[in-house]
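Peer 1: Here is a sequence together with a model predicted from it:
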Amino acid sequence: MRREKTSAGFRSVLWLLVAAGTVVLGLQAGDLYALTWLVDGSTTGAGGAELTLRTVAATGNTDAQCSPTSTFLPVCTPSRPSVVATDGPNDTPGSTPTDDPASGAISVADVVPNFALIGDGGDLGRRTREIARRLMPLLFGTLIKDVLYVDMASLLEELDAGEVRWGPGRAYALIVSDDRVVKVLPGSERAEANLRPLQLAGIPALVNGRLEVPVRSLDAILGAATDYSDPRKVFTVKLGTRRVSILAREDIYQLEVSRSERRLQVYAFGEPVKSYGLCVGRGNNTPVGHFHIERRAVWPPWTTYEGKYIPGGSRSNPLGARWLGTTARGHERGWAIGIHGTNQPSSIGRRISGGCMRTFNENAIELYNNIPIGTSVWIHEEPISRPGGEAT
């Protein structure tokens, strides 16, 4: 009797050990599956069907064709903005060329990109591309509240340093490279590197379906060497033997106006590239200071000081073919001060306007085709600080 009780007790202990072992193995298998799911980013029901995603930017739409991968997350190749035919000096009033193309990072690996907003940008656009050759490869970043962000997927591709994989609902992103997996939450400075807490120098953002990361956080995320000291506002990221330059589209150009010389000097990537003759305001009608471009218009209409409306392209409209409005304001009426074309070409080189800066229509068109909103404008009385490039 006692032997039967002992045998039954032994069998009970044996079954308990087997059950406990099964539970442990099950938990380990579950942890392994969860870790695999975390790194691969696979989502139930994705199925692997081909997807087409549409990215909506600030000024237009860009289609991105996406194909499935082994992890069931689409790898997207964004299509480049379509190129609009160049407007020459003889374009007619009423024609409305497409404005700024969709913003976002544009990758350039083996060729110099077209920085122009319209067509190839003419002579100014070509000169800018020549200067840009020394910065290749180059990515355009995005300014968000004066902080420069970069599309993480495009940067990783240029550096050949991994890829971005999204969790369910894009609640988080995994930046996967050879030696680390960094988990990033859009809207939070908190991150994880190989499951360890990581504090970022800025807050990542989800912009039009892309993971945009502050440039100053790249050293922590990638372990890359970053250089922020370039006065041209060009940021350099180095990882191994690879190097990528990053800057905001708004910082490609800087404009400097000398009232005394009646000239506009354009700088591209910090280098003087071209200058244009102007007619500026009589006396102090053209205000001095640091401003930026805030509006752009084709054959802009004009309202006279007496309130009469003059349509764009009219012979009596003094604004000419193009308008680049600045944040400067006139002293007397508080009207916007702009760089624009003219119906009085003989006034160029004089100081007789009401405050705006006139130039020849062909010059105004070339400036319009290249200079984006946000470009800095410095107006002063002294001679141009660093003259250079072709003068027109």
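Peer 2: That came in fine, so what should we check first? Numbers count the residues shown, from 1 in each chain.

Peer 1: if I look at the spatially closest residue to Ile175 that is not a sequence neighbour, how far off is Glu163?
Peer 2: Here the nearest residue to Ile175 in space, its sequence neighbours aside, is Val182; by C-beta to C-beta, 6 or more residues apart in numbering that works out to 4.3 Å. No exception for glycine: its C-beta is placed from N, CA and C like everyone else's. With distances taken as C-beta to C-beta, to the nearest Å, Val182 is found 12 Å from Glu163.

Peer 1: I'd assumed Pro301 was in contact with Tyr309.
Peer 2: Yes. Tyr309 is within contact range of Pro301, at 6.5 Å (criterion: C-beta atoms under 8 Å).

Peer 1: which one of these two has more residues nearby?
Peer 2: For Tyr309 versus Pro301, neighbours defined as other C-beta atoms under 10 Å are more numerous around Pro301 (14 against 10).

Peer 1: where does Tyr267 land in three-state SS?
Peer 2: Per DSSP: H, G, I helix; E, B strand; the rest coil, the local secondary structure of Tyr267 is strand.

Peer 1: sorry, back to before: give the bridge partners for the residue nearest to Ile175, please.
Peer 2: With DSSP bridges applied, Val182 shows beta-bridge pairing to Ile175, Ala193.

Peer 1: For Leu367, give me its contacts.
Peer 2: Contact partners of Leu367, counting by C-beta atoms under 8 Å, 6 or more residues apart in numbering, are 124, 266, 276, 322, 324, 339, 359.

Peer 1: Specify the next element, helix or strand, located C-terminal of the biggest strand by length in the chain.
Peer 2: In the chain, assigned by DSSP state E, the strand with the most residues is strand 289-298. Next along the chain after strand 289-298, taking DSSP states H and E as the criterion, comes strand 302-303.

Peer 1: quick check, Leu367 in a helix?
Peer 2: Yes. Counting by three-state DSSP, Leu367 is found in a helix.

Peer 1: Relative to Trp378, how far out is it?
Peer 2: Following C-beta to C-beta, the distance that separates Leu367 from Trp378 is 15 Å.

Peer 1: now do Leu319
Peer 2: 22 Å.

Peer 1: who's more crowded, the two?
Peer 2: Leu319 (23 against 17).

Peer 1: what does the model give that one for pLDDT?
Peer 2: pLDDT recorded at Leu319 is 97.

Peer 1: Can you name the residues that contact it?
Peer 2: 300-302, 312, 338, 340-342.

Peer 1: so which pair among those is furthest apart in space?
Peer 2: Pro301 and Thr342 (15.2 Å; C-beta to C-beta).

Peer 1: surely Leu185 meets Tyr172?
Peer 2: Yes. With contacts counted by C-beta under 8 Å, Leu185 reaches Tyr172, the gap being 5.0 Å.

Peer 1: can you give me the helices in the stretch 251-392 of the chain?
Peer 2: 361-368 (DSSP state H, counting those that start in this stretch).

Peer 1: Let me know how buried the residue nearest to Val112 when sequence neighbours are not counted is, in neighbour terms.
Peer 2: Excluding the flanking residues, the one nearest Val112 by C-beta to C-beta, 6+ apart is Arg129, at 4.5 Å. Arg129: 18 surrounding residues under other C-beta under 10 Å.

Peer 1: What of Glu261?
Peer 2: Using other C-beta under 10 Å, Glu261 has 18 other residues around it.

Peer 1: got the contact list for the residue lying closest to His380 once chain neighbours are set aside?
Peer 2: In space, and not counting its chain neighbours, His380 is closest to Val288: 5.2 Å by C-beta to C-beta, 6+ apart. Contacts for Val288 were tallied using C-beta under 8 Å, 6+ apart; they are 259, 379-381.

Peer 1: got the contacts of Leu367 as JSON lines, with pLDDT, distance to Ser346 and neighbour count columns?
Peer 2: Listed next are the contacts of Leu367 as JSON lines, based on pLDDT from 0 to 100; distance: C-beta to C-beta, whole Å; neighbours: other C-beta atoms under 10 Å:
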{"residue": "Leu124", "pLDDT": "96", "distance to Ser346": "24", "neighbour count": "26"}
{"residue": "Val266", "pLDDT": "98", "distance to Ser346": "23", "neighbour count": "24"}
{"residue": "Tyr276", "pLDDT": "98", "distance to Ser346": "16", "neighbour count": "25"}
{"residue": "Arg322", "pLDDT": "98", "distance to Ser346": "19", "neighbour count": "28"}
{"residue": "Leu324", "pLDDT": "98", "distance to Ser346": "22", "neighbour count": "24"}
{"residue": "Ile339", "pLDDT": "99", "distance to Ser346": "18", "neighbour count": "25"}
{"residue": "Thr359", "pLDDT": "98", "distance to Ser346": "13", "neighbour count": "27"}
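
Peer 1: wait, isn't Glu250 in contact with Glu294?
Peer 2: No. Assessed by C-beta under 8 Å, Glu250 is found out of contact with Glu294, at 11.3 Å.

Peer 1: More neighbours: which of the two?
Peer 2: Neighbours were counted for Glu250 and for Glu294 using other C-beta under 10 Å; Glu250 has more, 22 against 16.
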